[in-house]
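no letters, just coordinates:
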């Protein structure tokens, strides 16, 4: 009898520890090194900090974590704010980040869904953040150049319209011989960017699959992806570094949680992307 109670107690304790680990919401920083012979030697070691899917959450220690990474640029890959509630946490964060480095932003579906989106965008512009609406900037370092582009979120409830909007956005972006980085919110549509001369795509949207299995596999796509033709369960891209059709792809697990389901074994994440030149 005593042995049976011991095992029951051990099982309860073990279950409690497992739940505690699964619900761990401490901010995590993940580093990726991207190597290419197209990256100029002058950009060797260039550091990009990515923040995605904040959903206007308050995140203790986020600014200090970003500052400690000494970024050359900071990129915000959509859903900086949620479609409801105040957008001020997002714009306040952007203002603080702009004191660390240059900040670039692309819209996400929740940003565009706001009824006061124009006001939010106006306030974001005041922070010095550069929003890339199907547009590009040239980044220079010691006389060398790379290109950074942003694809506007293809906001729609209809899958065919989403695909059409992405194709239109791609057509608007000028092609370049430079190493070409593209910011694009919806990782579930990354394959549509193949064959357009893009070298590195930085995305979010998938929230790491919301619930992750012990091996790290993401389980569920956000509800806004369900009508887009991409898998609802076990999505193809959910978080991490992927390579496909001559592109590197970084998908952030994001920070916020707009879903009823808690993030499980899926700590909020910022990513640090370090460029490495083969010309060194």
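Nice, thanks for sending it over. The structure displayed is predicted, hence computed values, not measured ones.

name the element the residue nearest to residue 86 when sequence neighbours are not counted belongs to?
With sequence-adjacent residues excluded and distances taken as CB to CB, 6 or more residues apart in numbering, residue 86 is closest to residue 56, at 6.6 Å. Bear in mind the C-beta positions are built from the backbone N, C-alpha and C, glycine included. Under DSSP states H and E, no helix or strand contains residue 56.

how close does residue 56 get to residue 98?
Computed as CB to CB, to the nearest Å, the residue 56 to residue 98 distance reads 17 Å.

more neighbours: the two, which one.
More crowded of residue 56 and residue 98, by other CB atoms under 10 Å: residue 56, with 23 against 15.

could you pull up the residues touching the more buried one?
Residues in contact with residue 56, defined by CB atoms under 8 Å, 6 or more residues apart in numbering, are 80-82, 85-90, 256.

so who does residue 166 touch?
Contacts for residue 166 (CB under 8 Å, 6+ apart) come out as 151, 154, 189, 192-193.

okay, and the beta partners of the most centrally placed residue in the chain?
Closest residue to the average C-alpha location of the chain: residue 204 at 3.1 Å, with CA atoms, centre = their mean. Under the criterion DSSP bridges, residue 204 forms beta bridges with residue 186.

that one touches residue 187, doesn't it?
Yes. Between residue 204 and residue 187 a contact is recorded at 6.5 Å, counting by CB atoms under 8 Å.

quick check: neighbours shared by these two?
Listed as contacting both residue 204 and residue 187 by CB under 8 Å, 6+ apart are residue 251.

hang on, the earlier thing: what about the residue nearest to residue 86, distance to residue 276?
From residue 56 across to residue 276, the span is 34 Å (CB to CB).

residue ranges with poor pLDDT in the protein?
For the chain, the stretches with pLDDT under 70 are 1-23, 226-229, 279-280.

quick one, strands of it?
Taking DSSP state E as the criterion, the chain contains strands spanning 28-36, 47-51, 73-77, 102-106, 130-131, 135-141, 144-151, 179-186, 200-204, 240-244, 247-251, 269-277.

looking at the ones you listed, which is nearest to residue 231?
strand 179-186 (13.6 Å; CB to CB).

and that closest one, what does it pack against?
strand 73-77, strand 102-106, strand 144-151, strand 200-204 (3 or more CB pairs under 8 Å, 6 or more residues apart in numbering; DSSP states H and E).

next, the angle from it to strand 269-277.
Going by axes from the mean of the first three to the mean of the last three CA atoms, to 10 degrees, strand 179-186 is angled at 160 degrees with respect to strand 269-277.

how far does strand 179-186 sit from the chain's center?
Distance of strand 179-186 from its chain centroid, counting by CA atoms, centre = their mean, to the nearest Å, is 10 Å.

stretch 262-277 now?
Remark: stretch 262-277 is offset 8 Å from the chain centroid, using CA atoms, centre = their mean.

and for stretch 112-131?
18 Å.

end to end, how far does it reach?
Stretch 112-131 has an end-to-end distance of 13 Å (criterion: CA to CA, to the nearest Å).

then stretch 76-93?
Start-to-end, stretch 76-93 (CA to CA) is 11 Å.

quick one: residues contacting the closest residue to residue 265 other than its chain neighbours.
Leaving aside its chain neighbours, residue 265 sits nearest to residue 212 (4.4 Å; criterion: CB to CB, 6+ apart). Residue 212 is in contact with 218-219, 264-266, counting by CB under 8 Å, 6+ apart.

need these in TSV with neighbour count and distance to residue 158, can you?
Formatted as TSV, those follow (neighbours: other CB atoms under 10 Å; distance: CB to CB, whole Å):
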residue	neighbour count	distance to residue 158
218	25	25
219	19	25
264	18	31
265	20	33
266	26	29
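
tell me which of those residues is nearest to residue 246?
Taking CB to CB as the measure, residue 246 lies nearest residue 218 of the contacts of residue 212, at 24.3 Å.

how near is the closest one to residue 167?
According to CB to CB, residue 218 stands 26 Å off from residue 167.

what about the nearest residue to residue 271 once chain neighbours are set aside, neighbour count?
Excluding the flanking residues, the one nearest residue 271 by CB to CB, 6+ apart is residue 50, at 4.4 Å. When neighbours are counted by other CB under 10 Å, residue 50 registers 25.

all set, thanks.
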